[in-house]
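Chemist: Next comes the sequence, and after it the predicted model I'd like to discuss.
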Number of protein chains: 4
Amino acid sequence: MILYILKGKDHSSLKEKLKSSSASFKFLNLYGKELALAWPDSAVEGITDESVELVVKTKKSYILAGNEWKKDPTVVKVKDVEIGSKRVVVAAGPCAVESMEQTETVAKAVKRAGASLLRGGAYKPRTSPYSFQGLGEEGLKILRKAGDETGLPVVSEILDARDAGAFAKYADMVQIGARNSQNFTLLRDVGKLGKPVLLKRGLGNTVEELIQSAEYVMMEGNGNVVLCERGIRTFEKSTRFTLDIGGMVAGKLMTHLPFCADPSHPAGKRELVHSLALASVAAGADMLLVEVHPRPEVALSDSEQQLTPESFELLMERVKALASVLGRSA
Amino acid sequence: MILYILKGKDHSSLKEKLKSSSASFKFLNLYGKELALAWPDSAVEGITDESVELVVKTKKSYILAGNEWKKDPTVVKVKDVEIGSKRVVVAAGPCAVESMEQTETVAKAVKRAGASLLRGGAYKPRTSPYSFQGLGEEGLKILRKAGDETGLPVVSEILDARDAGAFAKYADMVQIGARNSQNFTLLRDVGKLGKPVLLKRGLGNTVEELIQSAEYVMMEGNGNVVLCERGIRTFEKSTRFTLDIGGMVAGKLMTHLPFCADPSHPAGKRELVHSLALASVAAGADMLLVEVHPRPEVALSDSEQQLTPESFELLMERVKALASVLGRSA
Amino acid sequence: MILYILKGKDHSSLKEKLKSSSASFKFLNLYGKELALAWPDSAVEGITDESVELVVKTKKSYILAGNEWKKDPTVVKVKDVEIGSKRVVVAAGPCAVESMEQTETVAKAVKRAGASLLRGGAYKPRTSPYSFQGLGEEGLKILRKAGDETGLPVVSEILDARDAGAFAKYADMVQIGARNSQNFTLLRDVGKLGKPVLLKRGLGNTVEELIQSAEYVMMEGNGNVVLCERGIRTFEKSTRFTLDIGGMVAGKLMTHLPFCADPSHPAGKRELVHSLALASVAAGADMLLVEVHPRPEVALSDSEQQLTPESFELLMERVKALASVLGRSA
Amino acid sequence: MILYILKGKDHSSLKEKLKSSSASFKFLNLYGKELALAWPDSAVEGITDESVELVVKTKKSYILAGNEWKKDPTVVKVKDVEIGSKRVVVAAGPCAVESMEQTETVAKAVKRAGASLLRGGAYKPRTSPYSFQGLGEEGLKILRKAGDETGLPVVSEILDARDAGAFAKYADMVQIGARNSQNFTLLRDVGKLGKPVLLKRGLGNTVEELIQSAEYVMMEGNGNVVLCERGIRTFEKSTRFTLDIGGMVAGKLMTHLPFCADPSHPAGKRELVHSLALASVAAGADMLLVEVHPRPEVALSDSEQQLTPESFELLMERVKALASVLGRSA
């Protein structure tokens, strides 16, 4: 496809030309730039206009998320928290929001330890319909309240575009989970929602496919996407999933978007979480997503892998020390 | 969880008991039987009622789709086509509905060759937003028309619950694709739609997870689910995906639901499609899903793996011969 | 690399030219043809000779095993048993040779049911050093005796080149197991041994790598290689390994060598063996390798997946029926 | 199996008892302790002796490599270099020894940068027989000379037990490569050789299998084994292999043996090597194995992934800084 970087305000002439061609096209504003996308190449060839400042062509399967047109790393802002900048951002909180008390307890603990964002699942995608499915909108409200009390912006997973209103109201960042990583309908809808997006890699998806999924969000004019490595399916059985740190590192060379790593899900066991978190930061992760529960042993989901607040506090200290020698902070 | 198989019409007494317990529960009708599901076990223990004919407990993560309560194989009816019976049912048609003419041509050809169902993609889930996304509702209408002209019931993939109306109107069987195999929201919605469902296994999902996804559909009272093996992600590069015939065979021992195999997607190359189709039938597939295009070389998607009508005709002959020695027909 | 197909008896002139170049080269006789291999291309360029009948170049990573120079399928003869011809050859026998009585019982049973080769492990590669390691040379002698009594040629796995003498004496076909599939030293040594070879695919190897391993054997002048698909490592847990039937089908297009399928190891459970065997034959396998034990429940290894003689007899009937509709026999 | 930890010098009484039982058994000395192994459990039950200090039983598939009998981490000494102690040990050098000059150049460069061991391949296991196969014994001699000149102990890969003499003479540590990770014959032979062993994980092997392979070496009385994570086969294509850092972390909880990480092979591209090396150290690797070549672009193997001496120097600085905040050195 072809990306036109435009100047001026009036792009009607280019639009006319594209309309009268056989190309598909889309005009959008991203990172303060006016852009036009057009494809396939064969239909666009030779089309230009004086409103065009620069034409970028690619042989890759994505362009907005790629770094051929945008060399500088993108910094995603969630309220006043910057992801992709010098600071390693840590989002922490329970796998599932279970109650006001549980969520407040965790929120205070992770805030005190140095987390910058509060995570918590309100709508839970569970392999089995007989597992706890989350508190739904009620869970989002609890998360919002705990976030407001502690001053932590909140991030939560969306499962259904029909809940967009609730997310618009209560969430600061919207997560698309591994199982919906190629739910292209949801990707577009979340793109339109306009909130920063935390996009997880699917269990069976390549890094390139993750970036292509981001492209769906970005085509709706939403450039605030953080990609998240959370482990892939392999034959190894000593961990729940295989955290693909190499894929994250390779991915960082393919895109200008920041990368988050989730050490909790691939670990499956809390004994492994610290090491995976530290490895991720050492490899260049811009953000960590860590599950913390006040009493993991009674958690309604993922009880094996959630950290206690004490363990999380220790992890934050270790992350901070590590970040400092990497020229970052945490 | 616990499954109560009920007798009589009045189940209000059991319902009251469950309501006053801490259990989650659901009443539904499946395969002509009145059922109640209740979970978790600890909350249900000791609850019984005189309206209960049989109580089935399981340690598995699914129960409706399992064969602990239902020993006989389920036969899914799509209009007058029976899937899971003696006959190996073949659904064939283009990857994507591209035009009335293309679809009619294929429909006639596959009908003549012996296919029982017409498949065709109207809404296309594409890894890249710049690939052909399908004709949408217009595509469904074309498919419907071609189906009616040839007397073939039609099956097409749904991506978004908001299109349920169009599927209710134009489709005879609704496909949930690999990328939405754990889109639990869509699974529930399609369950409610009431049409027979063709549920594909996700690229990174185990067979057990596929069966759990079917459980989501069935919990809505829809037992007409055909499971579809279509290849998983592995390191092997000579094929597009690895058709997991062993997983299908193991799966058939875990569920009463019929199994379909899709030889086209894992092949990725049309030279391999016949062999994978025959292998699937030999291994016990109840249904095949085969991509056929009048001129594969100009197809707007999956052009490498679609069969020509001539090749499909030959395949049908081979499938029929094979089915006959297996005590089946095709 | 470059393959020279030679004429006449005197190739000294070409040999001199290659010696005085910087190329690596090797002269060998394969399938009755005099051949010379030389590589890398840059060093061979322009070298020709009047003793050269045909020059074959390839961009692939293998040439002897490829079908650019040899279009006709290779038929591997193990005594009077032809593998790669019309007949589907079945090798059957115990995972491990445990005793004379056990082996004779199985040999007679599989012979009666229609097997053409007797398989049995004498040297057993076991993941754990505390598992039964096989009877060694004593096991080979037992196998030989049982083979002679029933008239079945015997195949057994070699683990160590230092046992070559025993294999030369007692075996008719030498198996290289999955764990040694890239043990290049052993591949060369077995190539030199001159006996027909059954080469299994490694758990983590691509089909292309399997063919490259065959190339090592063939470079020693031994063209009697049967490739064996026996399942690869994937995330799926309902089977022991994932039988990659698609890989076998793709592989058959890449090589002139015949393919065997081992349905026993990927199954891991005897309930799945029949279906995987039938699927393999339907997909074009030239040979099956099936584990049969007189009393699987007391077997010293792989007790879960070995068939009883009765079950094997039924399998043979099914394989014969299937082969007949494929234009083959069994 | 059962592990007897023995006291005194005379174990003849226990030996007699085991001999007269149906158990398999083995006496060995490991880490200065006299030990006896006996299995299976059923045959050993009730056997004890006054020479027995402690009896250790396990339900695991390995015992010598496990930490049920040995809680303290094992420190493997290669001459005066300690692996598994506070210091993160770095082994560096060319993929293949190509010439005296190349090897000396690299040896001096990596020594200067802070490497503790010199690595270099003399016998090269290559997927294709037409790739450079290494200089063999000549390569070992070159490596030895370069090691002696720089004071670096040397590590090189063995492919064939028949080369044991050359390794005994020229190598300080013997590597068993990924392709021979389950070559049980070679594992035993290298165990007998007595040199410290660097044991790589196979492409398709679980961490548990890697530990079981170590058990084969240790059963020969050689406890100086370093396990090496070097990436496994997965579907991801942006890296050559998937470095399984989670597997390494889980493995460290299963064994007392130290772990090495090889960031070069999974990277496949030198741009990724630093990040994978740092991630490995952050996750707890005791050793790194890094490919360095004076002129990677002309290397005879793995040219894409070898670091330049300059890049390696920078890596060492980063590793040292990282180690320091982890309470280690490098």
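Modeler: Structure received.

Chemist: count of residues packed around the residue of the stretch 101-250 of chain A found nearest chain B?
Modeler: For the stretch 101-250 of chain A and chain B, the shortest gap (CB to the nearest CB) falls at residue A:204, measuring 2.2 Å. Where C-beta positions appear, they are placed from N, C-alpha and C, glycine not excepted. Around residue A:204 there are 24 other residues, counting by other CB atoms under 10 Å in any protein chain shown.

Chemist: Tell me how far it lies from chain C.
Modeler: Using CB to the nearest CB, to the nearest Å, residue A:204 is found at 8 Å from chain C.

Chemist: next one: residue A:182
Modeler: To chain C, residue A:182 is 17 Å away according to CB to the nearest CB.

Chemist: what's the neighbour count on the nearest residue to that residue once chain neighbours are set aside?
Modeler: Nearest non-adjacent residue to residue A:182, counting by CB to CB, 6 or more residues apart in numbering or on different chains: residue B:179, 3.8 Å away. When neighbours are defined as other CB under 10 Å, residue B:179 has 26 of them.

Chemist: what's the answer for residue A:310, then?
Modeler: There are 11 residues near residue A:310, going by other CB under 10 Å.

Chemist: And for residue A:55?
Modeler: Neighbour count for residue A:55, taken as other CB under 10 Å: 16.

Chemist: mind checking how far it is from residue A:68?
Modeler: Note on residue A:55: its distance to residue A:68, by CB to CB, to the nearest Å, is 11 Å.

Chemist: do the same with residue A:24
Modeler: Taking CB to CB, one finds residue A:24 at 20 Å from residue A:68.

Chemist: ok, these two, which is more surrounded?
Modeler: Neighbour tally, residue A:24 and residue A:68, criterion other CB under 10 Å: the higher count belongs to residue A:24, 17 against 14.

Chemist: Just give me the residue closest to the centre of chain A.
Modeler: Compute the mean C-alpha point of chain A, and by CA atoms, centre = their mean the closest residue is residue A:198, 1.8 Å away.

Chemist: for that one, what are its contacts?
Modeler: By CB atoms under 8 Å, 6 or more residues apart in numbering or on different chains, the contact set of residue A:198 is A:91, A:155, A:173, A:174, A:175, A:176, A:226, A:228, A:260, A:289.

Chemist: mind running it again at 7 Å?
Modeler: Residues near residue A:198 by CB atoms under 7 Å, 6 or more residues apart in numbering or on different chains: A:155, A:173, A:175, A:226, A:228, A:260.

Chemist: Quick check on those: which are buried?
Modeler: Burial by neighbour count, judged by 16 or more other CB atoms under 10 Å in any protein chain shown, picks out A:155, A:173, A:175, A:226, A:228, A:260 from the contacts of residue A:198.

Chemist: Just the closest of the residues you listed to residue B:147, please.
Modeler: residue A:175 (39.9 Å; CB to CB).

Chemist: Any figure for the gap between the closest one and chain C?
Modeler: 24 Å.

Chemist: Would you confirm that that residue contacts residue A:156?
Modeler: Yes. Counting by CB atoms under 7 Å, residue A:156 is a contact partner of residue A:175 at 6.3 Å.

Chemist: quick revisit: look up the closest residue to the residue nearest to the centre of chain A, ignoring the ones flanking it.
Modeler: Closest to residue A:198 by CB to CB, 6+ apart is residue A:175, at 4.3 Å.

Chemist: In space, what's closest to the residue of the stretch 101-250 of chain A closest to chain B - neighbours in sequence excluded?
Modeler: Spatial nearest neighbour of residue A:204, excluding adjacent residues (CB to CB, 6+ apart): residue B:204 at 2.2 Å.

Chemist: The one you found - that's part of a helix, no?
Modeler: No. Judged by DSSP: H, G, I helix; E, B strand; the rest coil, residue B:204 forms no part of a helix; its state is coil.

Chemist: Next one, pLDDT for it please.
Modeler: With respect to pLDDT, residue B:204 scores 98.

Chemist: hang on, it packs against residue A:209?
Modeler: No. Assessed by CB under 7 Å, residue B:204 is found out of contact with residue A:209, at 11.0 Å.

Chemist: Tell me the confidence at residue A:241?
Modeler: Listed pLDDT for residue A:241 reads 98.

Chemist: What residues does it make contact with?
Modeler: By CB under 7 Å, 6+ apart, the contact set of residue A:241 is A:203, A:231, A:232, A:233, A:265, A:266.

Chemist: and which of the buried ones among the contacts of residue A:198 is nearest residue A:76?
Modeler: Residue A:76 has its nearest neighbour among these in residue A:226, at 5.3 Å by CB to CB.

Chemist: May I have the secondary structure class of that closest one?
Modeler: What three-state DSSP gives for residue A:226 is strand.

Chemist: Write down the beta-bridge partners of residue A:290, one by one.
Modeler: On the basis of DSSP bridges, residue A:290 is bridged to residue A:92.

Chemist: what's the distance between it and residue D:22?
Modeler: 53 Å.

Chemist: again, but for residue A:249
Modeler: Applying CB to CB, the value for residue A:249 to residue D:22 is 54 Å.

Chemist: try residue A:50
Modeler: Look at residue A:50 and residue D:22: by CB to CB, they are 92 Å apart.

Chemist: For chain A, which segments are assigned as helices?
Modeler: Applying DSSP state H to chain A gives helices spanning A:12-19, A:41-44, A:100-113, A:137-150, A:164-170, A:184-193, A:207-218, A:245-252, A:264-267, A:270-283, A:309-325.

Chemist: want to throw those into JSON lines with mean pLDDT?
Modeler: JSON lines is the format used below for these (pLDDT from 0 to 100):
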{"stretch": "helix A:12-19", "mean pLDDT": "96"}
{"stretch": "helix A:41-44", "mean pLDDT": "91"}
{"stretch": "helix A:100-113", "mean pLDDT": "98"}
{"stretch": "helix A:137-150", "mean pLDDT": "98"}
{"stretch": "helix A:164-170", "mean pLDDT": "97"}
{"stretch": "helix A:184-193", "mean pLDDT": "97"}
{"stretch": "helix A:207-218", "mean pLDDT": "98"}
{"stretch": "helix A:245-252", "mean pLDDT": "98"}
{"stretch": "helix A:264-267", "mean pLDDT": "97"}
{"stretch": "helix A:270-283", "mean pLDDT": "98"}
{"stretch": "helix A:309-325", "mean pLDDT": "97"}
